[in-house]
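Enquirer: Coordinates for the following, if possible.
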Amino acid sequence: MKTDRLPLLDALRGLAMVWMTIFHFSFDLNHFGWIHQDFYTDPVWTWQRSCIVSLFLFCVGWSQALVAHFSWTRWSQIALCAVLVTVSSYVMYPKSFIYFGILHGIAVMLLALWVLKPLRQWLWLVGVACLCLFFYPPFIANSAPWNVLGLISQKPVTEDYVPLLPWLAVVCWGYAFGLQTKTTKKKGLNTPFNPLLKPLTVLGRYSLSYYMLHQPILIGLLYLCRFA
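Expert: Residues are numbered from 1 along each chain as shown. Here you go, the predicted model:
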């Protein structure tokens, strides 16, 4: 699969990874009782999570505008990692394990996006429609598995929850933005970055591997510190 790499896109994805790492490290410190924060209702943390997820999904949509064909190999990697997240989270949080988190959402949204991609710039409006459906749902589906649609009146008890609505809107906007930057030939997006920012671009290119490894490493280090 041929992909045009953009330093800005890779750097934004890398920035999301760094921000996510800080967020998860804080969450882990809270889990071990070294800090005391409410990650589920405190706006300081809930808004950060929303921003991190938005940045991730916008990059997902944007990156799909740069590829000519759907990569089933990459999709299978994401889907497999989603299953691993479910299994590992069940071990740690059996009462609130992750059954439709960020990777599950990305796997399903990628399929949805490639069905919708013929709409091209109309995806800006599709995103708006997704938001309207989220805020004014035609029906309520609080029970799994239907709550993965996002048409809920209460958030389910799970450690990570990224339903189709409203998040498909961000993926659609990222794709439409990516198409727009291609058609208008905004060369500034290809301008080489400051060398100091290169670590972000490198990190952004290996986001899936980093995502799967960062939490086991952080939790392992905290366990060592706790019982050392």
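Enquirer: Which neighbouring elements make contact with the lengthiest helix in the chain?
Expert: Secondary structure of the chain per DSSP state H: the longest helix is helix 7-31. Helix 7-31 sits against helix 43-64, helix 198-205, helix 207-227, with contacts defined as 3 or more Cβ pairs under 8 Å, 6 or more residues apart in numbering; DSSP states H and E. Where C-beta positions appear, they are placed from N, C-alpha and C, glycine not excepted.
Enquirer: what's the angle between the longest one and helix 198-205?
Expert: With axes from the mean of the first three to the mean of the last three Cα atoms, to 10 degrees as the criterion, the two stretches helix 43-64 and helix 198-205 enclose an angle of 70 degrees.
Enquirer: Please name the residues that touch the residue lying closest to Leu15 once chain neighbours are set aside.
Expert: Excluding its sequence neighbours, the residue lying closest to Leu15 (Cβ to Cβ, 6 or more residues apart in numbering) is Leu200, at 5.8 Å. Going by Cβ atoms under 8 Å, 6 or more residues apart in numbering, Leu200 touches 10-11, 14-15, 18.
Enquirer: go again using 6 Å as the cut-off
Expert: Residues in contact with Leu200 (Cβ atoms under 6 Å, 6 or more residues apart in numbering) are 11, 14-15.
Enquirer: Then Gln64?
Expert: Residues near Gln64 by Cβ under 6 Å, 6+ apart: 113, 175.
Enquirer: buried stuff in stretch 75-83?
Expert: Using 16 or more other Cβ atoms under 10 Å as the burial criterion, the residues of stretch 75-83 that qualify are 77-79, 81-82.
Enquirer: just checking, which of those residues belong to strands?
Expert: Counting by DSSP state E, no part of the buried residues of stretch 75-83 is found in strands.
Enquirer: Tell me which of those fall in helices.
Expert: Reading helices off those with DSSP H, I get 77-79, 81-82.
Enquirer: now these in JSON lines, with pLDDT?
Expert: Output for those, formatted as JSON lines (pLDDT from 0 to 100):
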{"residue": "Gln77", "pLDDT": "97"}
{"residue": "Ile78", "pLDDT": "97"}
{"residue": "Ala79", "pLDDT": "97"}
{"residue": "Cys81", "pLDDT": "97"}
{"residue": "Ala82", "pLDDT": "98"}
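Enquirer: quick one: which of those is nearest Leu29?
Expert: Nearest to Leu29, judged by Cβ to Cβ, of those is Cys81 at 24.5 Å.
Enquirer: what's the closest non-adjacent residue to Tyr90?
Expert: Of all residues beyond its chain neighbours, the one nearest Tyr90 is Phe97 (4.0 Å), with distances taken as Cβ to Cβ, 6+ apart.
Enquirer: how deep is that neighbour tucked in, by neighbour count?
Expert: Neighbour count for Phe97, taken as other Cβ atoms under 10 Å: 19.
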